[in-house]
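Asks: Have a look at this prediction, sequence included:
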Amino acid sequence: MSDRKLFVMLLIIFVLSVGLLIYAKAHIGQNFINQL
Amino acid sequence: MVKERKIRLKHFNWLLVFIILAINLYVLVSPLLPQIDLWRRKQEAAAVAGLPYKTNLDSSSKKDDMRAEIPSDNRLVIPKLALDEHIYTGSSPYLVNKGVWARPNTSTPPKDSNTVLVGHRFTYGGPATFYSLDKVAVGDKLVLYWQGKEYDYTVTSTKVVAPTAIEVEEPTKQPQLTVYTCTPIWSAKDRLVVVAKLDEPSQP
């Protein structure tokens, strides 16, 4: 696999990972305050 | 020039691999950390039976000598979980992000009504104060140090209620301690409520 293809693949995984992190931070436990 | 760009791209790819691994490791391992912390705290607390301060519960034991004096700040101690947390008081709901928060407009131990304490079960980057609250069962002890006095409670019931069940915070005729947090552990769908009754009159 060329470095360029690998870069595109890693970039997609990076974006998905950041999305997962944002989701986890925003949705796990944090609604607690709003629902009190 | 082309070779230099290829090398740079290779380095950048490695950097991306490292960042991706770090993010995913954080997301996957963080939920396990409170469990490891509980195990570590239990090891440390074993010497004093989970009661880090001088207590009315076990005053005759030799273990008592190892314990610190009653703390001057307000603290909640749950011996079974080796939990020893400062209690934050105030009206800002964001105090719950620091640890145990005494709900405003509920009682305090000297007032002999319903004292309500809340805390997060688990959050990314925040405290997992009551991560193991589900392990507390009927008959377990909860110790509250409030304004330099000790108040011992025995758990009388545990239940899961909807977030709308505000009656858990209503005043009671008997002195009571209500502790609640989110359940199930990864969501804020419901509330796990632990109700405990005061053992005996408070002692100085």
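Replies: Structure's in. What do you need? Quantities reported herein were computed from a predicted structural model and do not represent experimental measurements. Numbering: from 1, shown residues only, chains lettered A, B, ... in the order given.
Asks: Flag every buried residue along the longest helix along chain B.
Replies: If you go by DSSP state H, chain B has its longest helix at helix B:2-29. Going by neighbour count (16 or more other Cβ atoms under 10 Å in any protein chain shown), the buried part of helix B:2-29 is B:N13, B:L16, B:I20, B:I23, B:V27. C-betas here are computed from N, CA, C, even on glycine.
Asks: filter those residues down to the ones close to chain A.
Replies: Restricting these to those near chain A by Cβ under 8 Å from any Cβ of the partner chain leaves B:N13, B:L16, B:I20, B:I23, B:V27.
Asks: hang on, isn't the fourth one packed against A:V18?
Replies: Meaning B:I23. Yes: with contact defined as Cβ atoms under 8 Å, B:I23 reaches A:V18; the gap is 6.7 Å.
Asks: Sticking with the closest residue to B:V168 other than its chain neighbours, tell me its helix or strand.
Replies: Among residues not flanking B:V168 along the chain, B:V193 sits closest, at 5.2 Å (Cβ to Cβ, 6 or more residues apart in numbering or on different chains). B:V193 belongs to strand B:190-198 when assigned by DSSP states H and E.
Asks: In its sheet, which strands sit next to that strand, and in what direction?
Replies: Partners of strand B:190-198 in the sheet, by DSSP bridges, are strand B:149-161 (antiparallel), strand B:176-183 (antiparallel).
Asks: Comparing those strands, which comes out most buried?
Replies: strand B:176-183 (a mean of 24; mean count of other Cβ atoms under 10 Å in any protein chain shown).
Asks: what pLDDT, on average, does that strand get?
Replies: On average, the pLDDT along strand B:176-183 is 94.
Asks: gap between it and the chain center?
Replies: Centroid separation between strand B:176-183 and its chain, computed with Cα atoms, centre = their mean, to the nearest Å, is 10 Å.
Asks: contacts for that strand?
Replies: A:29, A:32, B:76, B:106, B:109, B:113-122, B:129-130, B:133-134, B:142, B:144, B:151, B:153, B:160, B:168-169, B:188-198 (Cβ atoms under 8 Å, 6 or more residues apart in numbering or on different chains).
Asks: what do you get for stretch B:70-78?
Replies: By Cβ under 8 Å, 6+ apart, stretch B:70-78 touches B:50-54, B:83-87, B:89, B:100, B:102, B:117, B:136, B:140-150, B:179.
Asks: close enough to count as contact, B:Y53 and B:A45?
Replies: No: counting by Cβ under 8 Å, B:Y53 stays clear of B:A45, with 11.7 Å between them.
Asks: helices and strands around the longest helix of chain B, which ones?
Replies: Applying 3 or more Cβ pairs under 8 Å, 6 or more residues apart in numbering or on different chains; DSSP states H and E, we find helix B:2-29 packed against helix A:3-27.
Asks: Could you check the angle the helix it packs on makes with helix B:2-29?
Replies: Angle, helix A:3-27 to helix B:2-29, by axes from the mean of the first three to the mean of the last three Cα atoms, to 10 degrees: 30 degrees.
Asks: Tell me which residues of helix A:3-27 come out buried.
Replies: Neighbour-count burial for helix A:3-27, counted by 16+ other Cβ under 10 Å, picks out A:L10, A:I13, A:F14, A:S17, A:A24.
Asks: Now the last one: closest residue in space, sequence neighbours ignored.
Replies: Using Cβ to Cβ, 6+ apart and skipping residues adjacent in sequence, the residue nearest A:A24 is B:Y124, 5.1 Å away.
Asks: Ok, B:W146 next?
Replies: The shortest distance from B:W146 to any non-neighbouring residue, by Cβ to Cβ, 6+ apart, is to B:P109 (4.4 Å).
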